[in-house]
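> I would like to see how this sequence folds:
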Amino acid sequence: MIELEHVKKIYKGDSYETTALDDVSLKINDGEFVAIMGKSGSGKTTLLNIIGGMDSLTEGKIIVDGKDISRLNGYKLDIFRKDNISFVFQNYALMQQYTVYENIELPLNARNYKGKDKKKIIYDAMEKLGIKQLAEKFPKQISGGEQQRTAIARAMVSGCRYILADEPTGALDGATAKELMDMFNLLHENGKTLIVVTHDTAIAEYAERKIIIADGKIEKEEQ
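Numbering: from 1, shown residues only. Purely as a prediction, here's the structure:
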């Protein structure tokens, strides 16, 4: 379970101070599929980044499986992210100099998987996502939808329970976006906890619960 307790995030500069999140409290159960919605600047991406340990908070706590991760830093925070969190981004975040196979392989290398076991895990994921034939292609040689499938395969093999996605369909056409969300449903059916930031109501309909953010606060929740 992920729990946020009175989380506040303030960005400060020499001549400004912006409150991105203001007293946000939230629980996300294991195996849940949650959509976070809101207008541009509402704080939804900040919320996702804080849940994933990619951004620090100003006040409050983030508790994952009973552990306050807001107190972690440096090496311990890196280990937490590696073991628990996998991100899927709108811009795919693939390594351009690596093949599709090598991009999917990255989290397994970080976990010191070896030989035949690693190869089987990668090819099983590519087959499920329909990209097995692209194993030796580089990102610039494949379509946006295929790149996003590669990113999902990377998340799938990571072994992480929590999959966080920031506008994952933002750069895709309607038909490809639907295919992508069907793949997210597959991850959900396999027991992953999914947290998806989106402005698209059609995409949010795939989720079990919608959390609407406005001006850094939770405005409402919908089942």
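
> and for the stretch of helix or strand Tyr75 belongs to, what are the contacting residues?
Using DSSP states H and E, Tyr75 sits within helix 74-84. Applying CB atoms under 8 Å, 6 or more residues apart in numbering, the set of residues contacting helix 74-84 from outside is 52-54, 64, 69, 72, 107, 110-111, 160-162. All C-beta spots, glycine's among them, are computed from the backbone N, C-alpha and C.

> Could you tell me which of those are located in strands?
64, 162 (DSSP state E).

> Throw together a PyMOL command that grabs the buried residues out of the contacts of helix 74-84.
With 16 or more other CB atoms under 10 Å as the criterion, this PyMOL line picks the buried residues out of the contacts of helix 74-84:
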select buried, resi 52+53+54+64+69+72+107+160+161+162
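
> Can you tell me the element Ile36 falls in?
Residue-wise, Ile36 maps onto strand 33-37 under DSSP H and E.

> Please export the C-alpha coordinates of that strand as PDB.
Listed next in PDB are the C-alpha coordinates belonging to strand 33-37 (Å, rounded to 0.1, in the frame of the first residue of the first chain):
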ATOM      1  CA  PHE A  33      -5.500   0.900 -11.000                       C
ATOM      2  CA  VAL A  34      -5.700   4.600 -10.300                       C
ATOM      3  CA  ALA A  35      -5.900   7.600 -12.700                       C
ATOM      4  CA  ILE A  36      -4.700  11.000 -11.600                       C
ATOM      5  CA  MET A  37      -6.400  13.800 -13.500                       C
END
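
> so what does it touch, helix or strand wise?
helix 44-51, helix 174-189, strand 193-197, helix 201-204, strand 209-214 (3 or more CB pairs under 8 Å, 6 or more residues apart in numbering; DSSP states H and E).

> if we look at the helix or strand just after the last one, which residues are touching it?
Spelled out, that is strand 209-214. The C-terminal neighbour of strand 209-214 among helices and strands, as given by DSSP H and E, is strand 217-222. Strand 217-222 has contacts (CB under 8 Å, 6+ apart) with 21-26, 38, 43, 209-213.

> Name the helix or strand for Lys120, please.
helix 115-128.

> in the protein, which helix or strand is least confident?
Among the helical and strand segments of the chain, the one scoring lowest on mean pLDDT, DSSP states H and E is helix 174-189, with a mean of 84.
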